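Chemist: with the sequence up front, the predicted model follows.
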Amino acid sequence: MGSVQLHLVDAFTSSPFTGNPAGVCLTDTDDAAWMQAVAAEVNVSETAFVDLSTLAATGEVGLRWFTPKVEVEICGHATLASAHVLFEHGLAPSPIAFRTASGVLRAEQLPGGGIQLDFPVDEPVSALPDGHLADEFADALGAAVVELARCRYDVLVEIPSAEEVRALEPDLSVLKAASGRGVIVTARAEDDPAPGAPDFVSRFFAPAVGIDEDPVTGSAHCCLAPYWAKRLGRERLVGAQLSPRGGEVGVELAGDRVLLRGDAVTVSRGELLAETTVTARVT
């Protein structure tokens, strides 16, 4: 295989060392075991593997995402990071069509700066996860539960205030046992936010896939967008993820799609000197 490019990009931020870091590996390999080993080595919440070999023939770029533990079906921040790398180096024109396990996802450069992602909407349904009670979530979070909903991948829990979201120190063993990829905890930001200020806040915990807390989760906003659009009566909103690193995601409902907007900044780039043959199993 020879060497491949490996970038580290902070997504949903314009400031290094904030937002959500993602590895971006440019390679045409289909060796899933090797990709999983690389993701474990990079050891950020997700590493994206970008395959440019089909761009000329199909107009699409292959894209897969791995946490340090598993491959995932969708990832917003690593898609943003991948688009940022391709735009930054002139490797693909805007808009980019990424071919993924979740269908074709598009990314385009915005005239005023930043990148917009086109993702499928994830409509939340008010329901408890199978075999779980609302009291379990209240106890695990140390906060009253206002609403519980199921999204395609995650459980969404609304609690009373942004201050409580910021102060959470949840029992991760309980959240890990809940069905789904992770648990989104959210609250309204303010009654009357200033222009451009966040409309809602969240944090995202996914110990079941090896991520105790994800700094800024683009795909979770595919569920948060319709949830808060109904409550606030607006289809264009801003969400702030209150992890220690922090970050913001602009969202807009567009039929059965959600437009996610954010910035990204490259922190490092180099070559990955590793063969695609992996003999050791990642556990």
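Modeler: Sure thing, it's come through.
Chemist: give me the neighbour count for residue 78.
Modeler: Neighbouring residues of residue 78 were enumerated by other Cβ atoms under 10 Å; the total is 31. Bear in mind the C-beta positions are built from the backbone N, C-alpha and C, glycine included.
Chemist: hmm, I typed the wrong one, I wanted residue 138.
Modeler: Neighbour count of residue 138, defined by other Cβ under 10 Å: 15.
Chemist: skipping its backbone neighbours, what lies nearest it in space?
Modeler: Sequence neighbours aside, residue 145 is the residue nearest to residue 138 in space, at 4.9 Å (criterion: Cβ to Cβ, 6 or more residues apart in numbering).
Chemist: which element is that neighbour on?
Modeler: Residue 145 belongs to no helix or strand when assigned by DSSP states H and E.
Chemist: now residue 269: closest residue in space that isn't a chain neighbour?
Modeler: Counting by Cβ to Cβ, 6+ apart, residue 7 is the residue found nearest to residue 269 once chain neighbours are left out, at 4.6 Å.
Chemist: wait, doesn't the one you found sit right on residue 266?
Modeler: Yes - between residue 7 and residue 266 there is a contact at 5.9 Å, judged by Cβ atoms under 8 Å.
Chemist: which one's more surrounded, these two?
Modeler: Set side by side, residue 7 and residue 266 show more neighbours around residue 7, with 22 against 16, by other Cβ under 10 Å.
Chemist: now do the more buried one against residue 121, distance only.
Modeler: Distance of residue 7 to residue 121, computed by Cβ to Cβ, to the nearest Å: 29 Å.
Chemist: now residue 239
Modeler: 15 Å.
Chemist: between these two, which one's more packed in?
Modeler: Neighbour count, other Cβ under 10 Å: between residue 239 and residue 121, residue 239 has more, with 27 against 17.
Chemist: so which strand or helix has the more buried one?
Modeler: Counting by DSSP H and E, the element that carries residue 239 is strand 236-241.
Chemist: circling back to that earlier point, quick one: residues contacting the residue nearest to residue 138.
Modeler: 134, 137, 138, 157, 158, 159 (Cβ atoms under 8 Å, 6 or more residues apart in numbering).
Chemist: same thing but at 6 Å, please
Modeler: By Cβ atoms under 6 Å, 6 or more residues apart in numbering, the residues touching residue 145 are 134, 137, 138, 157.
Chemist: state the phi and psi torsions of the first one.
Modeler: In this case it means residue 134. Backbone geometry at residue 134, expressed as degrees, to the nearest 10, gives phi -60, psi -40.
Chemist: check residue 210 and give its pLDDT.
Modeler: In the prediction, the pLDDT value recorded for residue 210 is 87.
Chemist: how close does it get to residue 66?
Modeler: Counting by Cβ to Cβ - residue 210 and residue 66 are separated by 10 Å.
Chemist: the more surrounded of the two?
Modeler: Higher neighbour count among residue 210 and residue 66: residue 66, with 26 against 15, using other Cβ under 10 Å.
Chemist: partner residues bridging that one?
Modeler: Residue 66 has these beta-bridge partners by DSSP bridges: residue 47, residue 71.
Chemist: distance of it from residue 189?
Modeler: 32 Å.
Chemist: of the contacts of residue 145, which belong to strands?
Modeler: Among the contacts of residue 145, DSSP state E puts residue 157 in strands.
Chemist: in JSON lines, list the contacts of residue 145 along with pLDDT and distance to residue 252.
Modeler: Output for the contacts of residue 145, formatted as JSON lines (pLDDT from 0 to 100; distance: Cβ to Cβ, whole Å):
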{"residue": "134", "pLDDT": "82", "distance to residue 252": "31"}
{"residue": "137", "pLDDT": "89", "distance to residue 252": "29"}
{"residue": "138", "pLDDT": "92", "distance to residue 252": "32"}
{"residue": "157", "pLDDT": "95", "distance to residue 252": "24"}
